[in-house]
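Novice: Here is the input, now give the coordinates:
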Amino acid sequence: MENDLKRTERLIKIWLLLLNNPAGYTVKQLAGKFEVNIRTIYRDLISLGSDLQVPVYTDRTRWKIDEKRILPPIRFTLPEALNIFLAARLMLSYSHRYDPNIDATFTKLSSALPPALSEQVLKTMDWMQKLKKDEKHLRILATVAEAWVSLRRLKIVYRSLPADKATERVIEPYCIEPAAPGHASYVIGYCHLKKAVRTFKIGRMESAELTSEHYAIPADFDANEFFGSSWGVVVEGEVKTVKLRIEDPEIMRIMEETIWHPSQVLERQQDGSMIMTLRVTDTVDLYSWILGWAQKVEVLEPPELRGDIIETARAILDIYGEG
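Specialist: Numbers count the residues shown, from 1 in each chain. Just a heads-up that it's a prediction; the model follows:
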């Protein structure tokens, strides 16, 4: 028997497709879009009209929505609509997995977009449906979100990156933060085991359980300030002044085109090179970014960061050899 959630998702999508296309769709077209038989689509259309009171009707060949019997949808300006489209594309490249909540969110938003953008958003969501669904990840993420919103402590089984085995912890979520480079989401919160605020990768949680105990987020906690000096989601470490030299004209142009960090200052030098200055914590995320530019970016300061990059370069040479 068909899953109720799956059918509900399909009903919503049929509704939005009809709402967004005044010309309507044939039953065969809808059956093809959702990869179900024609009888199923007929049942869905009847359910939309009788159970959900959506004003659907047929003009013999095409099913449509009677626009005179519905409230006008919210309208976005073109730049606002473009932001929704870009957000949908970013979510696809960020998650690389199917999330029915993302699907439903953007499918609903697409009903308020101009037809050209709406069609592209729906195509993006259709593509996302082909990706694998991680039920465990979705379940844990939903539990973390519920703990955060309801301000209830969360019991998790968590295995940190260097740990041999997972440990049980009780945490108080302060914020959920996505990190595009790692295609992951993190929760920042107070850890009762460590007696300090820590960052937890949700993908490393083996389980998550709500408790009945409530907590309060400190009034002085600000996620933007918390991440202000970090390069990514790792915030531990001392804030340092980092200076980088770039000589390649194309890389200099890329640096000027992009805001990599709010603290960055770019200065052209008389010899034609460029100095980039940052005030950040020298975390593994920063190391990875610098090494990603290979020989085209040179670390000038601080000395310990320059030394670490030199040692890493030598280790890479040892692996690949000089030949």
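
Novice: any weak-confidence spans in this protein?
Specialist: In the predicted model, the chain carries pLDDT under 70 at residues 1-5, 69-74, 322-323.

Novice: pull the longest strand from it.
Specialist: strand 167-179 (DSSP state E).

Novice: Sheet-wise, list the partners of that one with their directions.
Specialist: Partners of strand 167-179 in the sheet, by DSSP bridges, are strand 152-158 (antiparallel), strand 184-191 (antiparallel).

Novice: Between these, which one is closest to residue 141.
Specialist: Smallest distance to residue 141 across the strands paired with strand 167-179 (Cβ to Cβ): 6.7 Å, for strand 184-191. C-beta coordinates here come from the backbone N, C-alpha and C atoms, glycine included.

Novice: contacts for that closest one?
Specialist: 141, 144, 148, 154, 169-179, 196-203, 215, 223, 226, 233 (Cβ atoms under 8 Å, 6 or more residues apart in numbering).

Novice: Please pick the buried ones from those residues.
Specialist: Using 16 or more other Cβ atoms under 10 Å as the burial test, the contacts of strand 184-191 include 141, 144, 148, 154, 169-177, 179, 197-202, 215, 226, 233 as buried.

Novice: pretty sure residue 27 contacts residue 63?
Specialist: Yes: counting by Cβ atoms under 8 Å, residue 27 does reach residue 63; the two are 6.8 Å apart.

Novice: Compare those two and say which is more crowded by neighbours.
Specialist: Between residue 27 and residue 63, counting by other Cβ atoms under 10 Å, residue 63 is the more crowded of the two (23 against 19).

Novice: which SS class is the residue lying closest to residue 227 once chain neighbours are set aside?
Specialist: Leaving aside its sequence neighbours, residue 227 sits nearest to residue 235 (Cβ to Cβ, 6 or more residues apart in numbering; 6.5 Å). Put simply, residue 235 is coil when judged by DSSP: H, G, I helix; E, B strand; the rest coil.

Novice: The one 5 residues further on too?
Specialist: Under three-state DSSP, the three-state class of residue 240 is strand.

Novice: Would you mind confirming that it makes contact with residue 286?
Specialist: No: counting by Cβ under 8 Å, residue 240 does not reach residue 286; the two are 9.7 Å apart.

Novice: Indicate which one of the strands paired with strand 167-179 is closest to residue 44.
Specialist: strand 184-191 (33.1 Å).

Novice: Quick check: next helix or strand after the closest one?
Specialist: strand 196-201 (DSSP states H and E).

Novice: list the helices and strands that next one packs on?
Specialist: strand 167-179, strand 184-191 (3 or more Cβ pairs under 8 Å, 6 or more residues apart in numbering; DSSP states H and E).

Novice: that older thread, what residues are shared contacts of residue 27 and residue 63?
Specialist: residue 45.

Novice: Mind putting the helices and strands packed on strand 196-201 into TSV with distance to residue 48?
Specialist: Converted to TSV, these look like this (distance: least, Cβ to Cβ, whole Å):
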stretch	distance to residue 48
strand 167-179	34
strand 184-191	34
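
Novice: closest one to residue 291 among these?
Specialist: strand 167-179 (17.9 Å).

Novice: quick one, what contacts residue 66?
Specialist: Contacts of residue 66 (Cβ under 8 Å, 6+ apart): 55-57.

Novice: circling back to that earlier point, what about the strands paired with strand 167-179, which gets the closest to residue 116?
Specialist: strand 184-191 (31.0 Å).
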